[in-house]
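Colleague: Coordinates only, no sequence provided:
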């Protein structure tokens, strides 16, 4: 039996359409809002059709030396072209892209996870310095 942590996949988002791409500053001042954008399929578009789509993105911040990360948000995508007429019959398709912000006095790591209904769980991370 696998552990959930063993199911997460990592890759460079520039080469893999399922890996979350995290956009955030490298350094912020203490208490300054940190603007974070996360998307899936930024460099290589993900299809986001009824049979193949990104279901959700979660964003976390792990302060250096902290025991557990803080969940900044969970974003569910529920429009994938489906309608009462069947799969891919609607003109509405969610775009797996989100923005959030937070404040911190400590440096740490911004982490993002995503779930593709066909290719499973993906994760990415990026360091944040605080001056």
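Modeller: Yep, that arrived. The structure displayed is predicted, hence computed values, not measured ones.

Colleague: Tell me the residue in the protein that is farthest from the middle.
Modeller: Here the chain reaches farthest from its C-alpha mean at residue 85, the gap being 30.5 Å by CA atoms, centre = their mean.

Colleague: Which stretches in the chain count as helices?
Modeller: Secondary structure of the chain, counting by DSSP state H: helices at 4-7.

Colleague: Quick one: low-confidence residue ranges for it.
Modeller: 1 (pLDDT under 70).

Colleague: at 50 instead, please
Modeller: Applying pLDDT under 50 to the chain flags no residue at all.

Colleague: How are the strands of it distributed by residue range?
Modeller: 20-23, 27-28, 34-40, 54-63, 70-76, 97-102, 108-116, 120-130 (DSSP state E).

Colleague: Give the other helices and strands that the third one contacts.
Modeller: So that's strand 34-40. strand 20-23, strand 54-63, strand 97-102, strand 108-116 (3 or more CB pairs under 8 Å, 6 or more residues apart in numbering; DSSP states H and E). For every residue, glycine as well, the C-beta is placed using N, CA and C.

Colleague: Quick check: residue 109 vs residue 19, distance?
Modeller: The gap separating residue 109 from residue 19 is 16 Å, by CB to CB, to the nearest Å.

Colleague: Check residue 28 too.
Modeller: In terms of CB to CB, residue 28 sits 24 Å off from residue 19.

Colleague: Mind checking which of the two has more residues around it?
Modeller: The neighbour count for residue 28 versus residue 19, taken as other CB atoms under 10 Å, is higher for residue 19 (23 against 18).

Colleague: Check whether the more buried one really touches residue 13, as I assumed.
Modeller: Yes. Using CB atoms under 8 Å, residue 19 makes contact with residue 13 at a distance of 4.2 Å.

Colleague: any residues in contact with both of the two?
Modeller: residue 124 (CB atoms under 8 Å, 6 or more residues apart in numbering).

Colleague: so residue 62 touches residue 72, yeah?
Modeller: No. The pair residue 62 / residue 72 is not scored as a contact, 10.8 Å apart, by CB under 8 Å.

Colleague: Touching stretch 36-48 from outside, list them.
Modeller: Residues outside stretch 36-48 that contact it (CB under 8 Å, 6+ apart) are 13-24, 52-54, 57, 59, 72, 77, 80-81, 93-102, 110, 112, 114, 116, 122.
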